[in-house]
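Enquirer: Make a model of this:
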Amino acid sequence: MKTVFIVDDNETNRLAAKTALGEIYNTYAVPSAEQMFVLLEKIKPDLILLDVEMPEMDGFEAIKILKSKPDTKDIPVVFLTASTVSGDRFEGLSLGAVDYISKPFLPNLLLQRINRNI
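Expert: You can find the predicted model right below:
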């Protein structure tokens, strides 16, 4: 079974994503990029679902770190965002994200987009 990290500071979003993906993927839900990096020391996921707007370290900072390390640079990252600013989407894709999913998301759409990128 493939593994997906769900990184979002909002518990409702983490639980919704875990519910949508949990029957097909092994999921790990964490509330911050910092905790994601700790988990990455033990587990290498097949995909990271990463919130853009988080306190302390946002998704843009996190993907820069992920893409700069040889052991994590090839992990696909899909951003989750409530932002409707097209510049944010362009920035995320230019930093190496493979896709964007708007929040609130539909569970079936989330699953399809993850399936397409894993």
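Enquirer: All the helices of this protein, residue numbers only.
Expert: 11-21, 33-40, 59-68, 86-94, 107-117 (DSSP state H).
Enquirer: With mean neighbour count as extra columns, can I get those in a markdown table?
Expert: In short, each C-beta sits where N, CA and C put it, glycine included. Listed next are these as a markdown table, based on neighbours: other CB atoms under 10 Å:
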| stretch | mean neighbour count |
| --- | --- |
| helix 11-21 | 17 |
| helix 33-40 | 17 |
| helix 59-68 | 18 |
| helix 86-94 | 14 |
| helix 107-117 | 15 |
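Enquirer: Using CSV, lay out those helices together with distance to K2.
Expert: Formatted as CSV, the helices of the chain follow (distance: least, CB to CB, whole Å):
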stretch, distance to K2
helix 11-21, 10
helix 33-40, 16
helix 59-68, 18
helix 86-94, 22
helix 107-117, 9
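Enquirer: Pick out the residue closest to the middle of this protein.
Expert: When CA atoms, centre = their mean is applied to the chain, the residue found nearest the centroid is L49 (1.6 Å).
Enquirer: burial of A29, as a residue count?
Expert: By other CB atoms under 10 Å, the residues close to A29 number 19.
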